[in-house]
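K.L.:
below is the structure, and that's it, no one-letter string:
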């Protein structure tokens, strides 16, 4: 079955430190991969995506993610965390050659940036 | 820039009542989706549509119905509300494969 795993329910990082939010997927072929962020009482906002090409993709608010095909991972990273980065982060995958374009989401990881 | 608009924002239903959650997008997107978000469970796909007149079931379709008569609108119908349908519902749209989805602000539904 196709799935997305975010192994950490919560990640705590001190402000100014680098952060990583982990995501692994189980999909055959080369999927499209996404990261979204959700602030309290809001809908999800798109951060970045990987379709093809360079394994390191850059997105909004200084975030980046690295696609690793051999490890089937797409971890979200930021060199220096801000308190305002505290939010709920979702990894998502769209399986390849999926005519129905179902987007599968992970359970989410809550990121706490400590001042 | 309206994007994806959901109404209402909040609603309390009694068991057995019916209601329709409205979703409209003004970006001319072909693909539209309904998700529910339960605490610690991420987003579960209820129904989706790849174009006007075409709908299909997602992971958790039971107790819901949808229609897609126009490109802009994708309403979600609850026929007989149950406490298990207490959740936050999100509508989203996208241009198509490989493109990011745009989400509405959500509808918080409580069934009592």
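P.N.:
Received it, and whenever you're ready, just let me know what you need. Remember, it's a predicted structure, so these values are computed and weren't measured experimentally.

K.L.:
just for chain A, where's the confidence low?
P.N.:
Within chain A, the ranges that satisfy pLDDT under 70 run A:1, A:96-101.

K.L.:
quick one, strands of it?
P.N.:
Assigned by DSSP state E, the strands in chain A fall at A:3-5, A:10-14, A:19-21, A:24-26, A:32-38, A:44-50, A:56-58, A:64-68, A:73-78, A:87-94, A:104-105, A:109-114.

K.L.:
would you mind listing the buried residues in the second one?
P.N.:
When burial is assessed from 16 or more other CB atoms under 10 Å in any protein chain shown, strand A:10-14 yields the following buried residues: A:11, A:13. For the C-beta atoms, the positions are set from N, CA and C on the backbone; glycine is no exception.

K.L.:
now do it: everything it contacts.
P.N.:
Outside strand A:10-14, the residues that touch it by CB atoms under 8 Å, 6 or more residues apart in numbering or on different chains are A:19, A:20, A:21, A:81, A:109, A:110, A:111, A:112, A:113, A:114.

K.L.:
can I get those in a markdown table including neighbour count and distance to chain B?
P.N.:
Converted to a markdown table, the contacts of strand A:10-14 look like this (neighbours: other CB atoms under 10 Å in any protein chain shown; distance: CB to the nearest CB, whole Å):
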| residue | neighbour count | distance to chain B |
| --- | --- | --- |
| A:19 | 21 | 20 |
| A:20 | 13 | 19 |
| A:21 | 26 | 14 |
| A:81 | 21 | 23 |
| A:109 | 20 | 10 |
| A:110 | 16 | 10 |
| A:111 | 21 | 15 |
| A:112 | 14 | 16 |
| A:113 | 20 | 21 |
| A:114 | 11 | 22 |
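
K.L.:
so which of the residues you listed comes closest to residue A:87?
P.N.:
Within the set of these, residue A:111 lies nearest residue A:87; the separation is 6.1 Å, counting by CB to CB.

K.L.:
so that closest one sits right up against residue A:19, yeah?
P.N.:
Yes: counting by CB atoms under 8 Å, residue A:111 does reach residue A:19; the two are 6.8 Å apart.

K.L.:
turn the strands of chain A into TSV, including distance to residue B:41.
P.N.:
Formatted as TSV, the entries for those read as follows, by distance: least, CB to CB, whole Å:
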stretch	distance to residue B:41
strand A:3-5	13
strand A:10-14	15
strand A:19-21	18
strand A:24-26	18
strand A:32-38	13
strand A:44-50	14
strand A:56-58	27
strand A:64-68	23
strand A:73-78	20
strand A:87-94	12
strand A:104-105	10
strand A:109-114	13
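
K.L.:
ok, which of the ones you listed comes nearest residue B:16?
P.N.:
Proximity to residue B:16, assessed across those by CB to CB, is greatest for strand A:104-105 (30.3 Å).

K.L.:
so where is chain B shaky, pLDDT-wise?
P.N.:
Counting by pLDDT under 70, chain B contains low-confidence ranges at B:1.

K.L.:
helices of that one, start to end?
P.N.:
Assigned by DSSP state H, chain B shows no helices.

K.L.:
name the nearest residue to the residue most central in space within it, ignoring sequence neighbours.
P.N.:
Taking CA atoms, centre = their mean as the criterion, residue B:34 is the residue nearest the geometric centre of chain B, at 3.1 Å. Nearest residue to residue B:34, sequence neighbours excluded (CB to CB, 6 or more residues apart in numbering or on different chains): residue B:46, at 4.3 Å.
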